[in-house]
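>>> sequence unknown, structure follows:
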């Protein structure tokens, strides 16, 4: 599982994931992902374009991360899921908990909208 | 099925052949375990059958003999295995396997029959009959943890209900836990004289914690255990959602499909929480999806689930299954999904005993070799 974290000029944190978010995949990125976003209350965009599989542990990681970020006035927004991943998100109604957008631009707009007043 | 008592310390030699007695050495004492820990790792032979561990044997100073004869250190009940088939010795950090003139041979990973002693580095194995003997190098503590995982797996299996091969409602199922042990469980029970409940749950993640969570849910899904009318699926899910909030359970959630069949009305009432739809197959018709999008149990406090109803046609079959049934990796590495799995339902032999296992074999056949990545749980309920 590869993860690239970059700070965008607009202050959002872009996280590009590449690989399978199965149990080993989640275990390989979760500590770093949490450490780099939660303490500073980041508004994080997670790009799922190169993620072919998302397991239950990954959903749990995203929900836990979204709640931790919300407590710090941050936000988590997912975008660009592949068809099978999008199907899973719909089955579990993930959008009731975490915003999911079809592309990076829409995700960025949603994350900016969460900016604390 | 893995059993704790299969795991024996074979370092001590068994009684000599002909003595009619096999000595299973007692497990290491606490002090011995500490000593082993201080000395580092040891080599184990793990006997795998159909991708499941059957036994774990430590290789000590003396070579281990393997064969069908009960006097061997590792006894394999397999007609393809000779009475004295091979021996395994520890040499440095490796194992060396030598076929002792067996009738049917010992085969290396590349499929070649052994004609000379073979060095087995950790992680590699040899095939003997239907068994795979794998060299695992780990600490005594890791071996003990593996053993505990196997025992937990056996416990989850012990909780699963008996199959029902005859009668107006027949139930067949197949369950195969992943090597890491997932959090699947399922069951069915009569609520009263008129109604029968069926359910399948899948706890997020793997390992003993997920299995413990699923066991606690199963123990609540019994008459008089849950403060909800078990005939009302939405009320059952609401009650579970209140009982198992993620935040109070180390972030764990679970998905569930729960249905109640009323025989008099031939009606199924059901609800699901984050679980993909179950499928109802009637003769000569494509399967119907039962269930729609909804959040997992524990994810949204106070969420209200809804029940739906459908008529159950004559000779219909209801399939409940976990995502491990269809989320597999194909032989050429591509991700397989529901679309590839659904055609297996309602096919030839549907509704007959053993159908669930046949579906498992079909999924295995199209997936890459090796154990499946997640628990495989499939419940097939056939109605008259």
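Received it, and whenever you're ready, just let me know what you need. None of the values given here were measured: they were computed from a predicted structure. Residues are numbered from 1 along each chain as shown, chains lettered A, B, ... in the order given.
>>> State the pLDDT value of the residue nearest to residue A:92 when sequence neighbours are not counted.
Spatial nearest neighbour of residue A:92, excluding adjacent residues (CB to CB, 6 or more residues apart in numbering or on different chains): residue B:274 at 4.0 Å. Where C-beta positions appear, they are placed from N, C-alpha and C, glycine not excepted. Looking at residue B:274, its pLDDT is 96.
>>> Tell me the backbone dihedrals of residue B:274, please.
As for residue B:274, its main-chain torsions (degrees, to the nearest 10) stand at phi 70, psi 10.
>>> and what of residue B:143?
phi -60, psi -40.
>>> for residue B:233, what are its contacts?
B:258, B:259, B:260, B:269, B:270, B:271, B:305, B:307 (CB atoms under 8 Å, 6 or more residues apart in numbering or on different chains).
>>> count of neighbours near residue B:235?
Here the count is done by other CB atoms under 10 Å in any protein chain shown, and residue B:235 has 18 residues near it.
>>> got it, and the one 10 residues further on?
Here the neighbour count serves as a burial measure; for residue B:245 (other CB under 10 Å) it reads 15.
>>> Enumerate every residue touching the residue nearest to it when sequence neighbours are not counted.
Nearest residue to residue B:245 in three dimensions, chain neighbours excluded: residue B:298, at 5.3 Å (CB to CB, 6+ apart). Counting by CB under 8 Å, 6+ apart, residue B:298 touches B:241, B:244, B:245, B:246, B:249, B:252, B:253, B:254.
>>> Would you mind listing which of those are buried?
B:241, B:244, B:246, B:249, B:252, B:253, B:254 (16 or more other CB atoms under 10 Å in any protein chain shown).
>>> roughly how far apart are the residue lying closest to the second one once chain neighbours are set aside and residue B:292?
Across the structure, with CB to CB, 6+ apart as the measure, the residue nearest residue B:244 apart from its sequence neighbours is residue B:298 (4.7 Å). Taken as CB to CB, to the nearest Å, the spacing of residue B:298 relative to residue B:292 amounts to 19 Å.
>>> Likewise for residue B:236?
Per CB to CB, residue B:236 is found 17 Å from residue B:292.
>>> Which one of the two is surrounded by more residues?
Taking other CB under 10 Å, residue B:236 and residue B:292 do not tie; residue B:236 has more neighbours (25 against 14).
>>> Can you name the residues in contact with the one helix or strand residue A:111 maps to?
Using DSSP states H and E, residue A:111 falls within helix A:104-113. Applying CB under 8 Å, 6+ apart, the contact partners of helix A:104-113 are A:8, A:10, A:12, A:14, A:43-45, A:47, A:75, A:77-80, A:99, A:101.
>>> at 10 Å instead, please
A:8, A:10-14, A:16, A:42-47, A:49, A:74-80, A:99-101 (CB atoms under 10 Å, 6 or more residues apart in numbering or on different chains).
>>> Now stretch B:162-173: buried residues?
Buried-residue list, stretch B:162-173, by 16+ other CB under 10 Å: B:164, B:169, B:170, B:171, B:172, B:173.
>>> need those residues in JSON lines with pLDDT and distance to residue A:113, can you?
What follows is the buried residues of stretch B:162-173, written out as JSON lines (pLDDT from 0 to 100; distance: CB to CB, whole Å):
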{"residue": "B:164", "pLDDT": "93", "distance to residue A:113": "54"}
{"residue": "B:169", "pLDDT": "94", "distance to residue A:113": "52"}
{"residue": "B:170", "pLDDT": "94", "distance to residue A:113": "54"}
{"residue": "B:171", "pLDDT": "94", "distance to residue A:113": "50"}
{"residue": "B:172", "pLDDT": "94", "distance to residue A:113": "51"}
{"residue": "B:173", "pLDDT": "94", "distance to residue A:113": "47"}
